[in-house]
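Visitor: Could you look at this predicted model? Sequence included:
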Amino acid sequence: MVKRYTIGTPIPTESLVIEIPAQKGLPPFFEIDPAAKTMTMPLADTDLVYGLGETVRGMNKRGWIYISNNSDDPNHLETARSLYGAHNFFVIFDDEKAAGYYIDTPGQVTFDVGYTRAEELVIRLEDMDADIYQIEGESPREVVRTFRSLIGRSYVPPKWAFGYGQCRWSYMSADEVRSVAKKYQEEGIPLDMIYLDIDYMERYKDFTINDETFPDFKAFVQEMKAQGIRLIPIIDAGVKVEEGYPVYEEGKAGGFFVKKEDGTDLMAAVWPGHVHFPDFLDEKAREWFGGCYKILLDQGIDGFWNDMNEPAIFYTTDHMEEVFDTLEGYKGRNLGVRDFFAMRDMMGHISNNPEDYRRFYHHYHGTRIRHDKVHNIYGFNMTRAAGEAFEKIRPDERVLMFSRSSYIGAHRYGGIWTGDNNSWWSHLLLVLQQMPGLNMCGFLYTGSDTGGFGENCTEDLMLRWLAVSIFTPLFRNHAAMGTRRQELYEFERIEDMKHMVQLRYALIPYLYSEYMKAALRDDMYFIPLAFEYRGDARAMETEDQILVGESIMIAPVYRQNVKGRYVYLPERMKLLRFRAADDYDEEVLEAGNHYVQADLHEVLIFLRPGHVLPLAQPADRVSGIDKATIHYITFEAEADSYELYDDDGLSRI
């Protein structure tokens, strides 16, 4: 069922937990061109290609070029080829056959999925060094389960992490955080987390607190906990270069930072100005940096989000000097179009410049290796540093962790969010399209920045986005500095938004149960219709509806100024029209096409036949949800036929 083929001398990624012996020869159906560094396989007209994790465009990846090259790209345009993660697993399937492929290499990989030639999938490697895994199965979901068993169990967060979280870049003081918490409390909107972006730190230094704006931080953390709210701080990859700063001094003394070719520490820049990057690929550096999380854990913090860990680079001092030297040559000249564009492009490419990723080296498995060869596993190993540290510091307790950058394998240590999206309707649809691919690659604890991070969120967009995000395990409202305030109490339709968040809390018994079953059984939480209804041509093409767990389908509205949408039902279903957690109508709809009304204040849930949806009385905090209040909405099923998973929500599993 699983075969491994080795090309060249692969660099290990440690993404698998099971060793598969290598086969002789090359994968069948692959035509390899060593000179072009490509592998080509045929695509039939009926083939669908799902996977590749965090990417733009639809669930079916045919018709575009995707590049696994972890990138700090805040725009997520339809033209994007790389986002923050590298997830090199995909499944090719039709009505009768299914096969999965994992291209395991930490360097850049290009997937031309029927873009250049519609009948070909072409994979290009920067170096012809990779392990290629071929997985065959009766169905795409079986292929996914097999792959997931190879890469290890998905991260399990604390149960409280399924609550609603509020974030902004940035809440500038403890008093502002108090104000946010108070306003949510006054409006009766459930809230479990408030996130702290970079301005809680002392001059953007990791594992520090700005004592002027967040005085007596430990007492403040406990003050928030007494209200049932946990503070979740950000941690960035860059360590500020500053004499007397303990984290910098320890990293310098231990030799834990990445090195240039001459052996000196790379000098780059992000938020605090000059920084060094920890060498997360080095086991000792990973252990050191992971231990730094204890500084905040000891102050009562129970969760973190890792950011800027592609790594994002504003500039390196070496490249900046090169730019300044080149600019001198333009001074006083009459610049024509080519010279002007060259100068503009040079300035525009200072940040995250490809050449900068070739300037430094890692100590990895006893050898020195240039960063671009292992670029895609850098963020993975930052998350791993944290996850391994948590196992030692809090061996009996789950700690919340999610990251921006990732590679397959990071899913064992934390979740991810889909990065710096925008308040665009197209990005609302993108949430649905990204979720299955991420689940296929093991990332179950995931979600988007609700309402969009960049740009200005409109009230109707927030309502529609909430109607999607109440189903994603990671449920966080996050917005960028300079954008419209989008805390839910800032809008006029506060009651409608409150009812949606309350519905999320009512659904948590089901959502948590389905998440845990997916994690413990190497299964998917978000399931595309094409996986469940093979042979149904319409279902195979539907990418704006999705199954959430075993019982329900959602078909959200993702267009502005409409009051409904067309929905395709592959089988008869019961439509549950929620206006609040305790206010809903039921209607049975036959299989086929339906135009379904969906006002801004409504959430539509489609219950499958033979299935059950548990629903609890909502609470202000996840900890307040009472199992005794659960009632079961059924459709051609008995209530006790549903397998409800529950635990204490905190102990490691």
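Guide: Here it is on my side, so go on. Numbering: from 1, shown residues only.

Visitor: Show me what the helix or strand bottoming out on mean pLDDT in the chain is in contact with.
Guide: Ranked by mean pLDDT, DSSP states H and E, the weakest helix or strand in the chain is helix 337-348, scoring a mean of 86. Contact with helix 337-348 is made by 323, 326-327, 330, 333, 335, as judged by C-beta atoms under 8 Å, 6 or more residues apart in numbering. In short, each C-beta sits where N, CA and C put it, glycine included.

Visitor: Would you mind listing where the stretch 401-550 of the chain has pLDDT under the threshold?
Guide: Scanning the stretch 401-550 of the chain for pLDDT under 70 picks out no residues.

Visitor: which residues in it form strands?
Guide: 406-407, 415-417, 446-447, 449-450, 475-477, 526-528, 546-548 (DSSP state E, counting those that start in this stretch).

Visitor: Helices of the stretch 501-650 of the chain, start to end?
Guide: Under the criterion DSSP state H, counting those that start in this stretch, helices of the stretch 501-650 of the chain are mapped to 529-532, 537-541.

Visitor: Excluding sequence neighbours, find me the nearest residue to residue 483.
Guide: Excluding the flanking residues, the one nearest residue 483 by C-beta to C-beta, 6 or more residues apart in numbering is residue 456, at 5.4 Å.

Visitor: Same check on residue 158?
Guide: In space, residue 158 is closest to residue 398, 4.4 Å off (C-beta to C-beta, 6+ apart).

Visitor: same check, this time on residue 291
Guide: Sequence neighbours aside, residue 389 is the residue nearest to residue 291 in space, at 5.7 Å (criterion: C-beta to C-beta, 6+ apart).

Visitor: What of residue 189?
Guide: Setting aside the residues directly before and after it, residue 189 is nearest to residue 498 in space (C-beta to C-beta, 6+ apart), at 4.7 Å.

Visitor: follow-up on the earlier one: tell me which of the helices of the stretch 501-650 of the chain sits most buried.
Guide: Mean neighbour count (mean count of other C-beta atoms under 10 Å) peaks for helix 529-532 among these, with a mean of 22.

Visitor: Name the surrounding residues that touch that helix.
Guide: Contacts for helix 529-532 (C-beta under 8 Å, 6+ apart): 48, 50, 59-60, 93, 139-141, 436, 524, 536, 539-542, 545-547, 553, 570.

Visitor: The nearest residue to residue 75 once chain neighbours are set aside and residue 451, how far apart?
Guide: Counting by C-beta to C-beta, 6+ apart, residue 422 is the residue found nearest to residue 75 once chain neighbours are left out, at 7.2 Å. As judged by C-beta to C-beta, to the nearest Å, residue 422 and residue 451 stand 10 Å apart.

Visitor: for residue 280, same thing?
Guide: To residue 451, residue 280 is 31 Å away according to C-beta to C-beta.

Visitor: And these two? Which one has more around it.
Guide: Applying other C-beta atoms under 10 Å to residue 280 and residue 451 shows that residue 451 carries more neighbours, namely 32 against 27.

Visitor: before we move on, what SS does the nearest residue to residue 312 once chain neighbours are set aside have?
Guide: Computed as C-beta to C-beta, 6+ apart, the closest residue to residue 312 that is not its neighbour in sequence is residue 72, at 3.9 Å. Following DSSP: H, G, I helix; E, B strand; the rest coil, the label given to residue 72 is coil.

Visitor: Backbone dihedrals for residue 72, both of them.
Guide: Taking degrees, to the nearest 10, you get phi -90, psi 90 for the backbone angles of residue 72.

Visitor: Report how many residues lie close to it.
Guide: Neighbour count of residue 72, defined by other C-beta under 10 Å: 22.

Visitor: Tell me the spacing between it and residue 422.
Guide: 15 Å.

Visitor: How far does stretch 265-278 sit from its chain's centre?
Guide: Taking C-alpha atoms, centre = their mean, to the nearest Å, one finds the center of stretch 265-278 at 25 Å from the center of the full chain.
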